[in-house]
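what's the 3D shape of this:
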Amino acid sequence: MEQERSMREYHNIEPVVGSGSKILILGSFPSVKSREAVFFYHHPQNRFWRILSLLYQEPLPETIEQKKAFLKKNGIALWDVIESCEISGSSDGSIRNVKVNDLEGLLRGTKICHIYTNGSLADRYYHKYFDGKIALPATRLPSSSPANAAYSLERLVDAWRIITEVPKDGEEKEEA
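This is a model prediction of the structure:
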């Protein structure tokens, strides 16, 4: 069995952000399947789209255009922390020599008020490179990856429910 070599890979997916985006969900770096499809969370076993579909009580988006429309409708921006890195396949554990995306540039002029990181690696790299540079609250969510076997879909939905608590345009957040 030939061991996969670490190769420098580049992020090839444009961020999804709209004028109504209130939250930004950040992954670490796209998987091989996502890089091939040129869109986020394309691996069929990744639970990202199922989580959002259940949270927002909407049909599961199938096409890239449906996914983009879903995100924009619900005020969600989507991107990754890492712009390029050395990686073997899709293994987060093999990531080395990171160059990060321009998150500050992405956020400039938006209404984004909260950042959520999808998993501990995205969270670690976000804080390593952007603490002290971006003044928005950032919350780590459990990874939607199939490698996160400790979390059932139901448990992920419960943990991710917090993203729906950001008020939409024209809404006031209710005081408890």
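
residue 77 contacts residue 21, correct?
Yes. With contacts counted by C-beta atoms under 8 Å, residue 77 reaches residue 21, the gap being 3.9 Å. All C-beta atoms are positioned from the backbone trio N, CA, C, and that covers glycine.

what's residue 118 sitting at in phi/psi?
phi -90, psi 90 (degrees, to the nearest 10).

show me what the least confident helix or strand in the chain by mean pLDDT is in contact with.
Using mean pLDDT, DSSP states H and E, the weakest-scoring helix or strand in the chain turns out to be strand 7-10, at a mean of 89. Residues from elsewhere that reach strand 7-10, judged by C-beta atoms under 8 Å, 6 or more residues apart in numbering: 29, 35, 83-88, 97.

go again with 6 Å.
Strand 7-10 is contacted by residues 84, 86-87 when judged by C-beta atoms under 6 Å, 6 or more residues apart in numbering.

again with stretch 155-164
Here stretch 155-164 has contacts from 23, 47, 51, 54-55, 116, 141-142, using C-beta under 6 Å, 6+ apart.

turn those residues into CSV, including secondary structure.
Output for the contacts of stretch 155-164, formatted as CSV (DSSP: H, G, I helix; E, B strand; the rest coil):
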residue, secondary structure
23, strand
47, coil
51, helix
54, helix
55, helix
116, strand
141, strand
142, coil
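
quick check: the farthest pair among these?
Spanning the widest gap among these are 23 and 47, at 18.2 Å by C-beta to C-beta.

count of neighbours near residue 15?
The local packing of residue 15 (other C-beta atoms under 10 Å) involves 18 other residues.

element containing the closest residue to it other than its chain neighbours, please.
Distance criterion C-beta to C-beta, 6 or more residues apart in numbering; nearest residue to residue 15, sequence neighbours excluded, is residue 79 at 3.8 Å. Element membership for residue 79 (DSSP states H and E) is strand 76-80.

ok so, going back, can you pick the most crowded of the contacts of strand 7-10?
residue 87 (26 neighbours).

could I get the full set of strands for the chain?
Remark: strands assigned in the chain by DSSP state E are 7-10, 23-27, 76-80, 82-87, 96-100, 114-118, 138-141.

so how far is the third one from its chain's centroid?
Distance of strand 76-80 from the chain centroid (C-alpha atoms, centre = their mean, to the nearest Å) equals 5 Å.

residues contacting that strand, please?
15-17, 21, 23-25, 27, 29, 40, 71, 112.

residues touching residue 71, list them.
16, 78.

neighbouring strands - and their directions - for the least confident helix or strand of the chain?
strand 82-87 (antiparallel) (DSSP bridges).

what is the mean pLDDT for the partner strand?
For strand 82-87, mean pLDDT is 94.

and stretch 166-173, by the same measure?
In the prediction, stretch 166-173 has an average pLDDT of 53.
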